[in-house]
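Engineer: Pasting the sequence and the predicted coordinates here, then a few questions.
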There are 2 protein chains.
Amino acid sequence: MRDFSNDHDWLSINTATVRRQGGAEVPLARIIDQCARHGIQAISPWRDQVAAAGLAQVCSQLRAHGIGLSGYCRGGFFTAADEAGRRAALDDNRRAIDEALALDAPCVVLVVGSLPGALEGKALHKDIGGARAQVRDGIAETLAYAREAGMPLAIEPLHPMQAAERACINTLAQALDLCETLDPLAQGGRAMLGVALDVYHVWWDPELERQIARAGRDRLFAYHVCDWRLPTRDLLSDRAMMGDGVIDLPRIRGWVEAAGYAGYSEVEIFSEADWWQRSGEDILQTCITRHRTVV
Amino acid sequence: MRDFSNDHDWLSINTATVRRQGGAEVPLARIIDQCARHGIQAISPWRDQVAAAGLAQVCSQLRAHGIGLSGYCRGGFFTAADEAGRRAALDDNRRAIDEALALDAPCVVLVVGSLPGALEGKALHKDIGGARAQVRDGIAETLAYAREAGMPLAIEPLHPMQAAERACINTLAQALDLCETLDPLAQGGRAMLGVALDVYHVWWDPELERQIARAGRDRLFAYHVCDWRLPTRDLLSDRAMMGDGVIDLPRIRGWVEAAGYAGYSEVEIFSEADWWQRSGEDILQTCITRHRTVV
């Protein structure tokens, strides 16, 4: 396993981690400057932040600071109640790929969606099996465009507690089944469909070690860290800083690196009650310290 | 699939569903009387409620009303930080089996436990793999006693969002692996280790249909229903009434009955903000109506 204790060269900051500071929304330009000042070499920005800042502006700011991307958040949400919705989702995923190309991202992360309407509080149906079929078809169509563009897609399996409204792909095994079906790997070929593995979503899985080995270097496109808080007070925005929860982070990173992953360790923390109330300096400095000591 | 629309003969009430009425704790004796008045033929009581009411008293009250049990809640919590804790847990599980025998329960439901200390808010270690090994050993020891007593044990896989503090068995596949390891089934023999399947914990699982078929009549000891609320505001006590959430209940019951299950459909709802604030009459009448229409 790589030694992270002496520097933070392999630390990436998912910009959601610092998108609110002191309780207030912070523009992406300021976040990028803060990361640069802390010697952070990679980020994973969100599309709404990029849109607000302007794509060209973000590209030139990143270039000026020599900051790269560990991923682009996010495509997905393929399910829809009707054909118009389905087509709109596919269009939007193509735009995400175009943006990722401009940003020189290594992959577009996919949060695939689930029951239509559920994110807005009212599911239009209860057929999660049907949603899964729709997701499979949506990824297949998007993958054709991604292949032409040369932009890999990373499926992010989401925690089962977010299965109704955010993603109906909920285990690493399920994501890998889909990868192997839609993007079978030719001898010596490069996978264009892989996974973004976030410890928050998968740490509980009794199959985790085995499935990480199965994914291998070919399919492990991104690795996200944070921690599981006790008690967890909110199903979406109560993640803990690495080291403050119950996830055995070095063990999981050991499995990931044994499988051949050698990329960034990306910090993604949604924390309404705690970290988003703190200063950017506090958040980033703590990310760096924890990256070097407990990840 | 059985037709539930004409009566509620196969409805069981897990007493947690009505343990608070109008916001206040209700004694088990009153709950049993309420169930009897509503023509409910089975309940699944909790050990603390039975202890408060007195075991002999509960037995005679149930007998007087002709009410049976669909399960006994609960054994488990096998993990401990030290040998004394481990032994105390095993002792407690033997007492649960003794009580279940007195109550003529069909099985003791096991919520197996996870990281020691986590339920109290501070995990003593992060080794969920170690916790799983300890759970396996605890079930094995308890099963020896259960066999002598002739009392089946039903492992309840809990939702992954409760993996840190309540149960490190989180999928039906994982529970069945353990059943087959610890209690291999001889030709024509009777399983003494099986599962209690609660839709709340497993509805999201892409393996669900296949694993229910694998469980079969032999291993399906209990079937629990409620619903998944959108949004879910609390990880423990925000379950919805059947029909008010996103779980496709008839589909899952179809799978369960196709596998050979022909027992009770047990309603287990923890609902701090909603149902526990209502009257017992309202809760029970709604359970009956929904049992007949949406389960």
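Structural biologist: Looks like it arrived, so ask away.
Engineer: any idea what sits nearest residue A:168, other than its immediate chain neighbours?
Structural biologist: residue A:114 (4.0 Å; C-beta to C-beta, 6 or more residues apart in numbering or on different chains). (Each C-beta comes from the backbone N, C-alpha and C, glycine too.)
Engineer: Go ahead and confirm the one you found touches residue A:160.
Structural biologist: No. Using C-beta atoms under 8 Å, residue A:114 is not in contact with residue A:160, being 11.0 Å away.
Engineer: Settle it for me: which of these two has more neighbours?
Structural biologist: residue A:114 (29 against 26; other C-beta atoms under 10 Å in any protein chain shown).
Engineer: Now for that one: which residues touch it?
Structural biologist: A:79, A:128, A:131, A:163, A:164, A:165, A:166, A:167, A:168 (C-beta atoms under 8 Å, 6 or more residues apart in numbering or on different chains).
Engineer: Swap in 6 Å and give it another go.
Structural biologist: Listed by C-beta atoms under 6 Å, 6 or more residues apart in numbering or on different chains, the contact partners of residue A:114 are A:131, A:164, A:167, A:168.
Engineer: What is the burial count for the first one?
Structural biologist: A count of nearby residues for residue A:131, using other C-beta under 10 Å, gives 26.
Engineer: Nearest residue to residue A:104 in space, please, no chain neighbours.
Structural biologist: residue A:69 (6.5 Å).
Engineer: Now for residue A:202: which residues touch it?
Structural biologist: A:172, A:208.
Engineer: Equivalent analysis for the one 4 residues further on, please.
Structural biologist: Applying C-beta under 6 Å, 6+ apart, one finds that residue A:206 lies in contact with residue B:174.
Engineer: is it true that residue A:233 lies in a helix?
Structural biologist: No. Checked against DSSP: H, G, I helix; E, B strand; the rest coil, residue A:233 lies outside a helix; its state is coil.
Engineer: what about the nearest residue to it once chain neighbours are set aside, distance to residue B:43?
Structural biologist: Residue nearest to residue A:233 in three dimensions, not counting chain neighbours: residue A:273, with 6.7 Å by C-beta to C-beta, 6+ apart. Distance, residue A:273 to residue B:43, using C-beta to C-beta, to the nearest Å: 39 Å.
Engineer: before we move on, the earlier item: I'd like the contacts of residue A:114 laid out as a markdown table, including pLDDT.
Structural biologist: Putting the contacts of residue A:114 into a markdown table (pLDDT from 0 to 100) gives the following:
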| residue | pLDDT |
| --- | --- |
| A:131 | 98 |
| A:164 | 98 |
| A:167 | 98 |
| A:168 | 98 |
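Engineer: Among these, which one has the most neighbours?
Structural biologist: Compared across the contacts of residue A:114, residue A:168 has the highest neighbour count, 29 neighbours, by other C-beta under 10 Å.
Engineer: sorry, back to before: burial count for the residue nearest to residue A:233?
Structural biologist: Counted with other C-beta under 10 Å, residue A:273 comes out at 11.
Engineer: Helix, strand, or coil at it?
Structural biologist: Following three-state DSSP, we place residue A:273 in the coil state.
Engineer: Tell me the confidence at it?
Structural biologist: Here, the pLDDT recorded for residue A:273 equals 97.
Engineer: Same question for residue A:187.
Structural biologist: Model confidence at residue A:187, given as pLDDT, is 85.
Engineer: go on, residue A:174?
Structural biologist: 98.
Engineer: Distance of it relative to residue B:288?
Structural biologist: 37 Å.
Engineer: Relative to chain B, which of the contacts of residue A:114 is nearest.
Structural biologist: In terms of C-beta to the nearest C-beta, no member of these lies closer to chain B than residue A:164, at 4.8 Å.
Engineer: Is it possible to get CSV of the contacts of residue A:114 that adds secondary structure and distance to residue A:181?
Structural biologist: Converted to CSV, the contacts of residue A:114 look like this (DSSP: H, G, I helix; E, B strand; the rest coil; distance: C-beta to C-beta, whole Å):
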residue, secondary structure, distance to residue A:181
A:131, helix, 17
A:164, coil, 24
A:167, strand, 17
A:168, coil, 16
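Engineer: Could I get these in CSV, plus columns for distance to residue A:6?
Structural biologist: Formatted as CSV, the contacts of residue A:114 follow (distance: C-beta to C-beta, whole Å):
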residue, distance to residue A:6
A:131, 46
A:164, 43
A:167, 36
A:168, 41
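Engineer: quick one: which of those residues is nearest to residue B:179?
Structural biologist: Nearest to residue B:179 out of the contacts of residue A:114 is residue A:168 (C-beta to C-beta; 27.5 Å).
Engineer: and that closest one, what is it in contact with?
Structural biologist: A:114, A:128, A:131, A:132.
Engineer: swap in residue A:15?
Structural biologist: A:31, A:43, A:45, A:46, A:49.
Engineer: Now it: phi and psi?
Structural biologist: phi -70, psi -10 (degrees, to the nearest 10).
Engineer: roughly how far apart are the closest residue to it other than its chain neighbours and residue A:12?
Structural biologist: Residue nearest to residue A:15 in three dimensions, not counting chain neighbours: residue A:45, with 4.7 Å by C-beta to C-beta, 6+ apart. Distance, residue A:45 to residue A:12, using C-beta to C-beta: 11 Å.
Engineer: hang on, the earlier thing: which one among the contacts of residue A:15 gets closest to residue A:18?
Structural biologist: Distances from residue A:18 to the contacts of residue A:15, taken by C-beta to C-beta, are shortest for residue A:31, at 5.3 Å.
Engineer: rewinding a little: higher neighbour count, residue A:45 and residue A:12?
Structural biologist: Just comparing residue A:45 and residue A:12: by other C-beta under 10 Å the higher neighbour count belongs to residue A:12, 30 against 26.
Engineer: residues in contact with the helix or strand that one falls within?
Structural biologist: Element membership for residue A:12 (DSSP states H and E) is strand A:11-14. Contact with strand A:11-14 is made by A:35, A:40, A:42, A:43, A:44, A:70, A:264, A:266, A:267, A:268, A:291, as judged by C-beta under 6 Å, 6+ apart.
Engineer: what are the bridge partners for the residue lying closest to the third one once chain neighbours are set aside, then?
Structural biologist: Nearest residue to residue A:42, sequence neighbours excluded (C-beta to C-beta, 6+ apart): residue A:12, at 3.8 Å. Legend: beta-bridge partners of residue A:12 under DSSP bridges are residue A:42, residue A:266.
Engineer: Without its sequence neighbours, what residue ends up closest to residue A:216?
Structural biologist: Per C-beta to C-beta, 6+ apart, closest to residue A:216 is residue A:259, 5.1 Å.
Engineer: from memory that neighbour sits against residue A:218, does it?
Structural biologist: No. Contact between residue A:259 and residue A:218 fails when scored by C-beta atoms under 6 Å: they sit 9.3 Å apart.
Engineer: Who has more neighbours out of these two?
Structural biologist: residue A:259 (19 against 15).
Engineer: Next to chain B, which bits of the stretch 151-295 of chain A? Give me the list.
Structural biologist: Contact residues, the stretch 151-295 of chain A versus chain B (C-beta under 6 Å from any C-beta of the partner chain): A:160-161, A:163-164, A:170, A:174, A:204, A:206, A:230, A:232, A:235, A:246, A:248.
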